[in-house]
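Visitor: quick one, what's the 3D model for this:
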Amino acid sequence: MEEKKDMQKVAVRIFDEEYIVKGNEQAEYMEMLAAYVDKRMRMISQRNKYLSATKVAVLTALNLADDLNKLQEDYDELVKMIEEDKKNKKE
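Guide: Now for the predicted structure:
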């Protein structure tokens, strides 16, 4: 049976707002994720200083969703290539 990790709680700052984040990951990992989101939000905000924090957050979410989707497509393609390679080696 897999052992459950203890729930971690950590305070992070994202785009000048403080959040309490809870999760099963290490505090350092959650802090790293928060710093990454903060960095991405600040990059978008610098391109257009007149965007509200909500719009910056939504645009950041869209950018991250795009990154995730592209990585998933790349991953799926790699898995397909590996499966084809295995199939060809058996023949």
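Visitor: CA only for contacts and neighbour counts going forward, please
Guide: Noted.
Visitor: output the contacting helices and strands for the helix or strand hosting Ile44.
Guide: Using DSSP states H and E, Ile44 sits within helix 27-47. Applying 3 or more Cα pairs under 8 Å, 6 or more residues apart in numbering; DSSP states H and E, one finds that helix 27-47 contacts strand 8-14, helix 53-90.
Visitor: Leu33 is nearest to which of those?
Guide: strand 8-14 (9.6 Å; Cα to Cα).
Visitor: hang on, the earlier thing: so which of the helices and strands packed on helix 27-47 gets nearest Met41?
Guide: For the helices and strands packed on helix 27-47, distance to Met41 was read as Cα to Cα. The smallest value, 5.8 Å, belongs to helix 53-90.
Visitor: before we move on, the earlier item: list the buried residues in the helix holding Ile44.
Guide: Within helix 27-47, the residues scored as buried using 16 or more other Cα atoms under 10 Å are 27, 30-31, 34-35, 37-38, 40-42, 44-45.
Visitor: OK, contacts around Ala35?
Guide: With contacts defined as Cα atoms under 8 Å, 6 or more residues apart in numbering, Ala35 is in contact with 13-14.
Visitor: where's it relative to Arg13, distance?
Guide: Using Cα to Cα, to the nearest Å, we find Ala35 at a distance of 8 Å from Arg13.
Visitor: what does Met7 give?
Guide: According to Cα to Cα, Met7 and Arg13 sit 19 Å apart.
Visitor: higher neighbour count, these two?
Guide: Each of Met7 and Arg13 has its neighbours counted (other Cα atoms under 10 Å); Arg13 has more, 14 against 11.
Visitor: is it true that that one touches Met32?
Guide: No - if you go by Cα atoms under 8 Å, Arg13 and Met32 don't touch, sitting 10.9 Å apart.
Visitor: count the residues that sit near Leu64.
Guide: The burial count for Leu64: 14, using other Cα under 10 Å.
Visitor: okay, it: pLDDT?
Guide: On pLDDT, Leu64 comes in at 98.
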